[in-house]
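Asker: sharing a model prediction with you, sequence too.
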Amino acid sequence: MTTAPQPTLPTSDKTFALSKRLFVYKPGLFAFNLLMWGMVHASPALLTLAVSGVFRQLEAADKLRLAGTSTAGNIEPLVAAAWVAVAWFALVRVSRFGIFYGAFRAWIELWYTLDALVRRNMLAYLLTARRARRLPDTPAEAVTRFRDDVDDVAGYTEVWVDGWGFVAFSVIAITLMARIDPTITLLVCAPLLLMVVFVQRLSPIIRSYRRRMREATGRVTDFIGETFGAVSAVKLAAREGQMVSHLVKLGEVRRSAALRDVLLTELIRGVNTNMVNIAVGLVLLLGANKIRGGALDVADFVLFIGLLPRLTGSMGFFGDAIARHRRTGVSYDRMNRLLQDAPRDQTVQHHPVYLHADPPELTLMPAAGTAEAQPLEELRVNGLTALHPSGMGLHDASFSVRRGEFVVVTGRIGSGKTTLLRALLGLIPTDSGTVSWNGQPVEDPASFLVPPRSAYTAQIPNLFSDSLRENVLSGSAPDRLDRAVRLAVLEPDMAQLGSGLDTPVGARGVKLSGGQVQRAAVARMLARDADLLVFDDVSSALDARTEAVLWDGLFAETDATCLVVSHRRTALTRADRILLMEGGRITDEGTLAELLERSEEMRALWAEDGGEG
Amino acid sequence: MRPPLPTPYPDRMTAAAPPSDTRSSSPPPKSGALAVLRTYLGPLWWRVLLLAVLLFTATGLNLILPQLLRQFVDGAKLGAAAPVAQLAWLAGVYIGVAVGVQLLTASATYVGARVGWRATNRLRADLMAHLLSLDMHEHKERTPGEMIERIDGDVTALSNFFSQFAVRVFGAALLLIGAIVMFYRENVWIGLGITSFVVITLIAMNRVRKAGVEPTRLERESSAKLFGFIEERLAGLDDVRSLGAGPHHLNRYLKVQREYFGRSTLSWQRRSVVWQLSMGLFAAGYVAILVSAVGLYSAGAISLGTAFLLYQYMNMIEEPIDQLTQQLQDLQKAGASLFRVGELLALRSSLPEGVQQLPAGALPLAFQNVDFSYDPADATVRGVLHGVSFSLPAGQTLGLLGRTGSGKTTLTRLVSRLYDPTGGSVQLGGLDTRALKLSSLRSRVAVVTQDVQLFQASVRDNLTFFDDTLPDERVEAALHEVGLGAWLARLEHGIRTPLPAGSLSAGEAQLLAFARVMLQDPALIILDEPSSRLDPATEGLLTAAMSRLLSGRTAIVIAHRLDTVARADRILVLGDGKVLEDGPRDVLAANPRSHYAGLLRAGVGAEGEGVLA
């Protein structure tokens, strides 16, 4: 039941393999993109050829003029040929315009579709995969995986979509140039290749700068998230000023990281563009000698000068593509780190993303007692151990809960009550021990101990910005609503909440009081009709009478089995059995009377709870 | 933050050259945009000046390059008679100038980035300070994820605007004007033609561009919603998973994503019209310039070198305008972002800021006929408090009792001015709280809420709210005082240890909140259900520290258990938003008909717990 070991870092091949899988998600659309962008990128070679043609004709005419042998008869065909070249130029330009229109739409569709797929896959895994799931970072940090890394991975498609068009252009351009003068072509292209090598050399540095920049950005966004997550605490303590100055500090770190990144990027870009001009200069320099021999003329210069910028650009693109490829590898790594034990290709698996139609409605939660659900007879926990890195946690817990029982877990603060519940339910990784359901070992509690078998309310439950109704139902059938609201003693609040069940609860439920959040979470649990109800200190935000009403309602209307963390007498007096925890271990178990009789700890807890009594 | 999107570059292969005039194309809230520019760029004026110098020089050099090419072409066409030495010299100068242009442009970009980061970091800090100053009504409407998007995402889109506005836009304007002047030097008619071409292109693109602002705003809005959705689900991962609600939330997510997809693709399509237009117009422009060149040449009006020069200058016009179309897209985003930043900055807290300071020492508190409703505008929402009046002498402790939902928490929120009463007044130290400076009020009123909000940061930062000036010893002393000494001793790096996510029990969190109060040294303390998450044994630890803290200070203590308020001087019982009873505790306890006495009896008689009226 422990998490799988970290998968090894990917090699380049893995990035290829993953990206390939991603590309074939919409093979038709991808192919169409290749075709269209290929034409968009390769067509400028034709344009340069046409312009060079224009000047070739004009130059020929010029020579006649200089020689003084020009007549209307020999000049006019040349000028006419120049006009034809102009027309040819116009034709290519206009068609390129049309192609671009289609290419662009296709690209946007492809890009956002792949974006959506990767995001969906990540979220789906976190929400529904088996085994314990704990985020390695804060939620805000995890959101940057969903945003920036997903963008990187999906945007990497661009390298391939554009790439082959640039290859086509480069081949055409080099062929055209080599036909004029292979030596100059070679001498000009060699530095361009050097540049690719240069950029490649720099790419690890770029990566580390980018990483630092990302980390700095992450710290800033994290901090903003933290601040507004705890906004009322900040405001109540009048610490707005400190928070802002801390943001300023983080911003400074980020600024210097960003500037390094900019500087290096500019350096590379400078090298890229300088190469064009140096290459043009080289052509001029080398050509100067050849002109005298007539081996090179103006039209050839026009061709070289016309092709070189885009050729250099292509080389820059290839250098960049390699760097981008590596960055994409890093993004895949980071996404997989978030997903922990997921298969490596989880992010790129093919699933429908429903971008053009709403997803089909889910079949509602199956009612308790469907064929696959085995009603609870006995839940047995054996030797369950779950340790924090600090060595604290749960040690060797064994107990059982039988159908219809009300079992209370009690103990001091930090005695491991919450850890016990979370380990049992598979919400945190465990180190050893077993959980069995009706005698059958449960292989993966995280996916097994869910409705209709078990349901859970956390000590500090999370609600989502939505209506109260949506929060309570969370996918359950609407006919469960009334009973759940009544049993959770949420009815008296309806009058106070403006729109009753349709009241928006606000971000993380802030519009409700602590008790209302707690009871809404209980209602959410009850709407799912599970055999085993697990409450973690649900009474903490409820007054004793409300709590009493809650337990009475549950006893009267359901035959639910309850496992409850509490130190309240309200719960303890109702318990069939009590598990007493100390220092991460279950130190005693029995009825209230038994424990009060023999346990000093139990007497201490009991006495201090009922001070007035 | 949607980072500078991996643009499907429409036609990016032209060398990095700066684009053109945008003074006419700044985003819709023009005056707001200019004011923001003035505020944030003004203090950096000398850097801005340096930027201008760099750009002027770079542009001047850039304009020389085609002249060099013309001389070369006119020399080269002489063929056998070509002056080789002069051509070689021209080639050398060409290379030198080209390198110079690049160095200058790179420096300009770097300086621009520095300016941009400085300016936007300031803006981020100001925005955060502003948002923190808003009242809780605002915060309830927004998720932390949305705040991240608004403070960082929008501002990052703006950072391009800040840095590139100067570099690209200003530089482009220079280059464009320079190139047009060059056309006039060659031929007035061509000069006129090009001028009208540029004017038409810019006007047309600006018109079209505006169509992109609104869809872009909608896109950003839905991206904030998308990432807010993800963030909330990740924060509440356990709640979702333990209830088996993963598939339901995934389905909801797909719907949110579908909306995002629709809006994103639409806004890209709208924005891409700018590029379409640019490509179309330039197809026409190039054809026109080639036609003119061929026409003028065959008429004998210009030389072959000049014909080539015209073509080269056309490139020089295309470069800035082409780059500009890409910049326009950033500007569009910046426009939309600026609009939203403006919106945010325009929000005003509905809590008026007072000017008075609180006197030192313990302060009396009085409520006079206070009414409160969370939504006073909506008559259907029932108010939470009705005509609440009471007074609490300085230095006394008030025990506040009442059922869940009776308005206890709300009452305390009015004291710390998270909200203002809708009727009546709250007076602290004899002063209406609305007349006080908020910072003065809140730094003297300490609140421990039901839900302790903690940061994913070090223990120290959690207690001091990222204030570096407090000495470590004081922080440690506060922890010892609240009984967390043993806990602190177990931490690996003492108070510098990061608070590990999820490993803190709710009780420990509550104790940390007390330690915060210890550091704050307030005049009035509000304890909202301080013992709700503590087991009785742990609560014992706290009692001593609590009485030290409460002595000499005014305090309101809310508790469900009567023993918590057993040491209170006065008791106030709330029922359904009204004061049921208010008086000295011993008097009420002695009066058998009082609610309090009834509670005491019920507490003894029922379960040993205070079942509150």
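Answerer: Received it, and whenever you're ready, just let me know what you need. The structure displayed is predicted, hence computed values, not measured ones.
Asker: I'd guess A:Ala132 is in a helix, am I close?
Answerer: No - when DSSP: H, G, I helix; E, B strand; the rest coil is applied, A:Ala132 is found to be coil, with no helix at that position.
Asker: report the contact partners of the one residue sitting closest to the centre of chain B.
Answerer: Chain B has B:Ile151 as the residue nearest its centroid, 1.3 Å off, counting by CA atoms, centre = their mean. Residues near B:Ile151 by CB atoms under 8 Å, 6 or more residues apart in numbering or on different chains: A:Ile224, B:Arg124, B:Leu127, B:Met128, B:Leu131. Bear in mind the C-beta positions are built from the backbone N, C-alpha and C, glycine included.
Asker: isn't the fourth one up against A:Gln242?
Answerer: Think B:Met128. No - contact between B:Met128 and A:Gln242 fails when scored by CB atoms under 8 Å: they sit 11.7 Å apart.
Asker: more neighbours: the two, which one.
Answerer: B:Met128 (26 against 19; other CB atoms under 10 Å in any protein chain shown).
Asker: tell me which element the more buried one falls in.
Answerer: Using DSSP states H and E, B:Met128 sits within helix B:84-133.
Asker: just checking, what packs against that helix?
Answerer: If you count contacts as 3 or more CB pairs under 8 Å, 6 or more residues apart in numbering or on different chains; DSSP states H and E, helix B:84-133 packs onto helix A:182-229, helix A:231-236, helix A:240-292, helix B:30-41, helix B:45-76, helix B:154-164, helix B:304-346.
Asker: columns distance to B:Ala366 on top of the ones you listed, output as JSON lines?
Answerer: Converted to JSON lines, those look like this (distance: least, CB to CB, whole Å):
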{"stretch": "helix A:182-229", "distance to B:Ala366": "33"}
{"stretch": "helix A:231-236", "distance to B:Ala366": "21"}
{"stretch": "helix A:240-292", "distance to B:Ala366": "27"}
{"stretch": "helix B:30-41", "distance to B:Ala366": "43"}
{"stretch": "helix B:45-76", "distance to B:Ala366": "53"}
{"stretch": "helix B:154-164", "distance to B:Ala366": "44"}
{"stretch": "helix B:304-346", "distance to B:Ala366": "35"}
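Asker: just flag whichever of these has the lowest average confidence.
Answerer: Within the helices and strands packed on helix B:84-133, confidence is poorest for helix B:30-41, with a mean of 65 (mean pLDDT).
Asker: near chain A, which residues of the stretch 301-450 of chain B?
Answerer: Contact residues of the stretch 301-450 of chain B with respect to chain A, defined by CB under 8 Å from any CB of the partner chain, are listed as B:304, B:307-308, B:311, B:374-375, B:378, B:380-382, B:384, B:403-405, B:409, B:416, B:418, B:438-439, B:441-443, B:445-447, B:449-450.
Asker: list only buried entries from those.
Answerer: B:304, B:307-308, B:311, B:374, B:381-382, B:384, B:403-405, B:409, B:416, B:418, B:438, B:441-443, B:445-447, B:449-450 (16 or more other CB atoms under 10 Å in any protein chain shown).
Asker: in strands, which of the residues you listed appear?
Answerer: Using DSSP state E, the members of these that fall in strands are B:Val445, B:Ala446, B:Val447.
Asker: B:Leu90 and B:Leu68 touch, don't they?
Answerer: Yes - B:Leu90 is within contact range of B:Leu68, at 5.6 Å (criterion: CB under 8 Å).
Asker: between those two, which one's more packed in?
Answerer: Between B:Leu90 and B:Leu68, counted using other CB under 10 Å, B:Leu90 has the larger neighbour count: 23 against 18.
Asker: can you tell me the closest non-neighbouring residue to that one?
Answerer: Counting by CB to CB, 6 or more residues apart in numbering or on different chains, B:Leu90 lies nearest to B:Phe72, which is 5.0 Å off, once chain neighbours are set aside.
Asker: please name the residues that touch the one you found.
Answerer: Shown here is B:Phe72, whose contacts under the criterion CB under 8 Å, 6+ apart are A:Leu284, A:Phe301, B:Leu87, B:Leu90, B:Ala91, B:Tyr94.
Asker: which one of these is nearest to A:Met525?
Answerer: For A:Met525, the closest of the contacts of B:Phe72 turns out to be B:Tyr94, at 76.8 Å, with distances computed as CB to CB.
Asker: for the closest one, give its distance to A:Leu282.
Answerer: Noted for B:Tyr94: a distance of 10 Å to A:Leu282, by CB to CB, to the nearest Å.
Asker: of those two, who's got more company?
Answerer: When B:Tyr94 and A:Leu282 are compared on other CB under 10 Å, the one with more neighbours turns out to be B:Tyr94, at 24 against 21.
Asker: how many other residues sit next to A:Glu557?
Answerer: Number of residues near A:Glu557 (other CB under 10 Å) recorded here: 12.
Asker: just curious, which of the ones in strands among the buried ones among the residues of the stretch 301-450 of chain B next to chain A is nearest to chain A?
Answerer: The shortest approach to chain A among these belongs to B:Val447, at 4.5 Å (CB to the nearest CB).
Asker: so that closest one touches B:Gln520, yeah?
Answerer: No - contact status for B:Val447 versus B:Gln520: not in contact, 9.7 Å apart, counting by CB under 8 Å.
Asker: what sits in contact with each of the two?
Answerer: A:Ala237.
Asker: follow-up on the earlier one: who touches whichever helix or strand comes after the helix holding B:Met128?
Answerer: Under the assignment DSSP H and E, the closest C-terminal helix or strand after helix B:84-133 is helix B:136-140. Applying CB under 8 Å, 6+ apart, the set of residues contacting helix B:136-140 from outside is A:228, A:231-232, A:235, A:506-507, A:510-511, B:131, B:347, B:349-350, B:413, B:418-419.
Asker: change it to 6 Å
Answerer: The set of residues external to helix B:136-140 that reach it, using CB atoms under 6 Å, 6 or more residues apart in numbering or on different chains, is A:Val231, A:Gly506, A:Val510, A:Lys511, B:Leu418.
Asker: related to what we said a few turns ago, as TSV, the contacts of B:Phe72 with distance to A:Arg519 would be great.
Answerer: Putting the contacts of B:Phe72 into TSV (distance: CB to CB, whole Å) gives the following:
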residue	distance to A:Arg519
A:Leu284	82
A:Phe301	82
B:Leu87	89
B:Leu90	85
B:Ala91	83
B:Tyr94	79
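Asker: of all those residues, which comes closest to A:Thr185?
Answerer: Taking CB to CB as the measure, A:Thr185 sits nearest to A:Phe301 out of the contacts of B:Phe72, at 13.4 Å.
Asker: that closest one: which element?
Answerer: Counting by DSSP H and E, the secondary-structure element that holds A:Phe301 is helix A:298-339.
Asker: ok, which of the helices and strands packed on helix B:84-133 comes nearest A:Gly68?
Answerer: helix B:304-346 (16.0 Å).
Asker: and that closest one, what does it pack against?
Answerer: Counting by 3 or more CB pairs under 6 Å, 6 or more residues apart in numbering or on different chains; DSSP states H and E, the packing neighbours recorded for helix B:304-346 are helix B:45-76, helix B:154-164, helix B:171-186, helix B:213-235, helix B:246-298.
Asker: strands paired with the next helix-or-strand element following that helix, and their directions?
Answerer: As assigned by DSSP H and E, the chain's next helix or strand after helix B:304-346 is strand B:365-372. Strand B:365-372 has these partner strands in its sheet, going by DSSP bridges: strand B:385-392 (antiparallel), strand B:423-428 (antiparallel).
Asker: would you format these as JSON lines with mean pLDDT and mean neighbour count included?
Answerer: Supplementary listing: these in JSON lines, determined by pLDDT from 0 to 100; neighbours: other CB atoms under 10 Å in any protein chain shown:
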{"stretch": "strand B:385-392", "mean pLDDT": "91", "mean neighbour count": "19"}
{"stretch": "strand B:423-428", "mean pLDDT": "90", "mean neighbour count": "19"}
